[in-house]
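Chemist: dropping a prediction and its sequence here:
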Amino acid sequence: MFKKNKKYILDGGSGQTLMEMGLRTTGDLWSAQALIDKNLHYMVLNMHKDFINSGSELIVTANFSVRRRLLERYNLLDSLKVATQSAGEIASRARNESNKKVIIAGSLPNQGNTYSPIQFETEETIYKYFFEIANILNNYVDIFYLDVLSSIKEIKLALEATKKFKKQVLVGVHLRYDANLPSGETLNQLFENIKDYNCCGIISACVSPEIVELSLPILDKQNLPFGYKMNLFKNLPTNNENTFNEEGFEGDREYEDPIELLGTRNNEYLGNKYKNFVISTLGKGASLIGGCCEIKPRHITLLKSII
């Protein structure tokens, strides 16, 4: 999928971009809200097109928040299939309307709490959930993207669930403050466990610039293309705790935004600081470069001017 010696620009964060565009969300539904409500589909379409027009060569379907455990909390589980299908359809439409060569990656998000290795279901059930999402998205996507997963067990279950579809998989692994997985497992252990699967690359997913810098020398030890989708949250943890957990939000609030808890460095990384950071990571071998929370189309425009 990814050509040797070529740099690829990935997209940024869908949920935060949608909220900046005006999305009002119930609790922490975020992008799921825009997929469940057909009247908001235009926002998802415009979000994808904004990233593509800014220079993104890969976009991720916007179903990160369309997860069973999250939807159950809001009595919206019946919306899972339609919302996931809408994510695929809208991403495909965005590519067609942009008339540009863009890779569509189908999001397979974690099945517990964001950034947490804690599982509330059996391995068989987690596998079933991943398969369900992959099956819905399969006809719309070129590859699958393991979207911010936090343990080797969950990553392997997702990889097993995609085998039937014979598509390559981009592994997006979340890392804690010491560049280990939130489960405590190391990247080297992860490399050993995924080497026999059909992976086309591996990136650190929704991590700070500081963790990107820590992870790149380790990611460089394996043979797959590698890089990052970094976030620009401001208030980073100083202990062994995971960086963020949905349980930290009060579900009865009308409007929830991660930056209310974690702050943002969005504007700090718009000028030379961002350029110098990206140039540094390119020098360390990164070839898959994009963003997650708080990385907007304007950041991708700046990225495009460098790559």
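Modeler: Perfect, thanks for sending it.
Chemist: flag every buried residue along stretch 167-179.
Modeler: Within stretch 167-179, the residues that qualify as buried are 167, 168, 169, 170, 171, 172, 173, 174, 175, 176, 177, 179, counting by 16 or more other C-beta atoms under 10 Å. For glycine as for every other residue, the C-beta is placed from the backbone atoms N, C-alpha and C.
Chemist: tell me the mean pLDDT for it?
Modeler: Per-residue confidence for stretch 167-179 averages out to 97 on the pLDDT scale.
Chemist: please renumber so the chain begins at 775
Modeler: Yep, numbering from 775; the last one is stretch 941-953 now.
Chemist: sketch out the helices for the stretch 875-1024 of the chain, chain order is fine.
Modeler: With DSSP state H, counting those that start in this stretch as the definition, the stretch 875-1024 of the chain shows helices at residue ranges 897-911, 926-936, 961-968, 983-993.
Chemist: widest-spaced pair of the buried residues of stretch 941-953?
Modeler: Using C-beta to C-beta, the two most remote members of those are 941 and 951, lying 32.8 Å apart.
Chemist: and the next helix or strand past the lowest-mean-pLDDT helix or strand in the chain?
Modeler: Taking mean pLDDT, DSSP states H and E as the measure, the helix or strand of the chain with the lowest value is helix 1033-1036, at a mean of 72. Read in the C-terminal direction, the helix or strand following helix 1033-1036 is helix 1046-1057, with elements assigned using DSSP states H and E.
Chemist: output the least confident helix or strand of the chain in PDB with nothing but the alpha carbons.
Modeler: Written as PDB, here are the backbone C-alpha positions of helix 1033-1036 (Å, rounded to 0.1, in the frame of the first residue of the first chain):
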ATOM      1  CA  ILE A1033      -9.900  20.300  25.700                       C
ATOM      2  CA  GLU A1034     -12.100  21.300  28.600                       C
ATOM      3  CA  LEU A1035     -10.000  18.800  30.600                       C
ATOM      4  CA  LEU A1036      -6.800  18.600  28.700                       C
END
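Chemist: and it, how far from the chain's centre?
Modeler: The gap between where helix 1033-1036 is centred and where its chain is centred comes out at 18 Å by C-alpha atoms, centre = their mean, to the nearest Å.
Chemist: for it, which helices and strands make contact with it?
Modeler: Under the contact criterion of 3 or more C-beta pairs under 8 Å, 6 or more residues apart in numbering; DSSP states H and E, helix 1033-1036 touches no helix or strand at all.
Chemist: now the strands for the stretch 775-924 of the chain?
Modeler: 782-783, 832-834, 877-883, 917-923 (DSSP state E, counting those that start in this stretch).
Chemist: and of these, who's closest to residue 1057?
Modeler: strand 782-783 (16.5 Å).
Chemist: neighbouring strands - and their directions - for the closest one?
Modeler: Partner strands for strand 782-783, per DSSP bridges, with pairing direction: strand 1062-1065 (parallel).
Chemist: pull the residues that contact the helix or strand following the strand it pairs with.
Modeler: If you walk from strand 1062-1065 toward the C-terminus, the next helix or strand you reach (DSSP H and E) is helix 1071-1080. Applying C-beta atoms under 8 Å, 6 or more residues apart in numbering, the contact partners of helix 1071-1080 are 783, 785-786, 791, 824-825, 827-830, 1043-1044, 1048-1049, 1052-1053, 1056, 1063-1065.
Chemist: on that earlier part again, export the helices of the stretch 875-1024 of the chain as a markdown table, with columns for mean neighbour count.
Modeler: Listed next are the helices of the stretch 875-1024 of the chain as a markdown table, based on neighbours: other C-beta atoms under 10 Å:
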| stretch | mean neighbour count |
| --- | --- |
| helix 897-911 | 19 |
| helix 926-936 | 21 |
| helix 961-968 | 17 |
| helix 983-993 | 20 |
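Chemist: now those in TSV, with distance to residue 819 and mean pLDDT?
Modeler: As requested, those are arranged in TSV below (distance: least, C-beta to C-beta, whole Å; pLDDT from 0 to 100):
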stretch	distance to residue 819	mean pLDDT
helix 897-911	17	97
helix 926-936	26	97
helix 961-968	33	98
helix 983-993	30	97
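Chemist: before we move on, the earlier item: ChimeraX command to pick out the buried ones of the contacts of helix 1071-1080?
Modeler: Buried subset of these, written as a ChimeraX selection, criterion 16+ other C-beta under 10 Å:
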select :783,785,786,791,824,825,828,829,830,1043,1044,1048,1052,1063,1064,1065
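Chemist: which non-adjacent residue is nearest residue 868?
Modeler: In space, not counting the residues next to it along the chain, residue 868 is nearest to residue 822; the distance is 3.5 Å by C-beta to C-beta, 6 or more residues apart in numbering.
Chemist: equivalent analysis for residue 913, please.
Modeler: Once its chain neighbours are removed from consideration, residue 913 has its nearest residue in residue 862; the separation is 7.1 Å (C-beta to C-beta, 6+ apart).
Chemist: and the pLDDT for residue 887?
Modeler: Among the per-residue scores, residue 887 holds a pLDDT of 77.
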